[in-house]
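1. structure here, sequence nowhere to be found:
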Ligand SMILES: Cc1cc2nc3c(=O)[nH]c(=O)nc-3n(C[C@H](O)[C@H](O)[C@H](O)COP(=O)(O)OP(=O)(O)OC[C@H]3O[C@@H](n4cnc5c(N)ncnc54)[C@H](O)[C@@H]3O)c2cc1C
């Protein structure tokens, strides 16, 4: 009978991070991944510095480009540039980035089973029996790192999905050299490239990752907006294009992150940032927090659950909740958004960059601050 202390379902950044830290703490860990690695993941691959600086190993071999500046645009009139000494965003392709993370976990003794889809879970005394496409195995703890469509969360008893899922498109585009040279000089975000959302153009080694995300609600014209955004960027000729779409969970679950020894991390928990939809750094952080809780509890499953919920409540939730408020304010009203960027665009961009860098948190009393600012401007 194959038996592990922890089974991690999913080998994305959250799962690989959890597995790495669990193995480092001396636990027996298996990663179960339904795909064959390396696998493509729909993602812009923009890894912000607040995540990168916490990485326990060097990732430079999989970084296509380091960006010490970012450019935020609104239409053709407003443009704000921020610069930092360290790379604000490191651009990666997720197949090689995720594989590197898994390789580092493997080096610490983590077993990785690929082409292995988790199909069902059953409680067997203190253990959970995991039925997979590659057979049956048993584990004391399960970590659900199986992404936005987490089946493991459903299997473990989360009845309703309380997260907000938003649609996002990601196109991998090869363009003629002149366009590539022009557009690979900057990493750009275009506010309102799509209503209540933004578009991005991230240069990779030989191509551009261009996408749009509607941050507040579903948008049935999202494909049209993406095509228009490509034109807006001045791309007239396309050598090749791969069109992908997926969802991003931009609010966390409301009914807890642990049930029956199953821990939710990353997108399965709903930990992408509500304002920016940036999910890699919180995925990695939540993996580490789950691993720390399980290792610290030393076999006491109830304590492990409590520790993880406390860690999330104290560290990640305040940030996510403030970011949710900001996202509502920012994307909810076009006039207010334009007013904010016209008058405070550079300050807004600097503050966002500080958050990307992990140098500042979201301001806690954000509603109060905005009210004060509006008052001082009006009177
Ligand atoms: C279009 C788009 C652009 C984005 N751009 C960015 C960006 O630029 N920067 C950023 O920080 N974030 C970005 N994100 C968000 C980011 O991709 C996610 O937040 C991040 O991938 C979450 O990591 P994860 O480990 O939780 O899940 P995932 O990376 O989704 O990994 C889940 C893994 O679980 C596996 N799996 C699923 N079900 C099973 C099963 N039953 N059995 C076994 N294995 C299973 C999957 O194959 C997959 O490998 C973007 C998202 C989208 C959709």
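-> Great, that's in hand. Please read these numbers as outputs of a predicted model, since none were measured by experiment. Numbering: from 1, shown residues only.
2. close to the ligand: what parts of this protein are there?
-> 9-15, 32-35, 41-46, 117-118, 145-147, 151, 168, 170, 211, 246, 248, 266-268, 272, 278-280, 283 (C-beta under 6 Å from any ligand atom). Every residue, glycine included, has its C-beta placed from N, CA and C.
3. using ChimeraX, define a selection of the buried residues within those residues.
-> Those of the residues of the chain next to the ligand that count as buried under 16 or more other C-beta atoms under 10 Å are selected in ChimeraX with:
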select :9,10,11,12,13,14,15,32,33,34,41,42,43,44,45,46,118,145,146,147,151,168,170,211,246,248,266,267,268,272,278,279,280,283
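4. just the residues of the chain next to the ligand: which are in strands?
-> 9, 32, 46, 118, 168, 170, 211, 246, 248 (DSSP state E).
5. possible to save those residues as a markdown table with distance to residue 333 and pLDDT?
-> A markdown table is the format used below for these (distance: C-beta to C-beta, whole Å; pLDDT from 0 to 100):
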| residue | distance to residue 333 | pLDDT |
| --- | --- | --- |
| 9 | 40 | 98 |
| 32 | 44 | 98 |
| 46 | 26 | 98 |
| 118 | 42 | 98 |
| 168 | 22 | 96 |
| 170 | 27 | 97 |
| 211 | 24 | 98 |
| 246 | 27 | 96 |
| 248 | 22 | 97 |
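6. those strands in the stretch 251-379 of the chain, which residues are they?
-> 258-259, 262-264 (DSSP state E, counting those that start in this stretch).
7. pick the most buried one from the ones you listed.
-> strand 262-264 (a mean of 28; mean count of other C-beta atoms under 10 Å).
8. now that one: average pLDDT?
-> Strand 262-264 carries an average pLDDT of 98.
9. show me what contacts the residue in the stretch 101-250 of the chain that the ligand sits nearest to?
-> The ligand sits closest to residue 147 of the stretch 101-250 of the chain, with a gap of 2.9 Å, by C-beta to the nearest ligand atom. Residues near residue 147 by C-beta atoms under 8 Å, 6 or more residues apart in numbering: 10, 12, 266, 267, 268.
10. residue 207: which of the strands of the stretch 251-379 of the chain is closest?
-> Closest approach to residue 207 among the strands of the stretch 251-379 of the chain (C-beta to C-beta): strand 262-264, 33.6 Å.
11. name the surrounding residues that touch that closest one.
-> Counting by C-beta under 8 Å, 6+ apart, residues outside strand 262-264 touching it are 121, 128, 141-144, 150, 152-153, 156-158, 253, 257-258, 290, 293-294, 304-305, 308.
12. shouldn't residue 240 be in contact with residue 176?
-> No - look at residue 240 against residue 176 with C-beta atoms under 8 Å: they stay out of range, at 11.3 Å.
13. who has more neighbours, the two?
-> Between residue 240 and residue 176, counted using other C-beta atoms under 10 Å, the more crowded position is residue 176 (13 against 9).
14. for the more buried one, give me the backbone phi and psi.
-> The phi/psi pair for residue 176 (degrees, to the nearest 10) reads phi -60, psi 160.
15. again with the one 10 residues further on
-> With angles defined as degrees, to the nearest 10, residue 186 sits at phi -150, psi 160.
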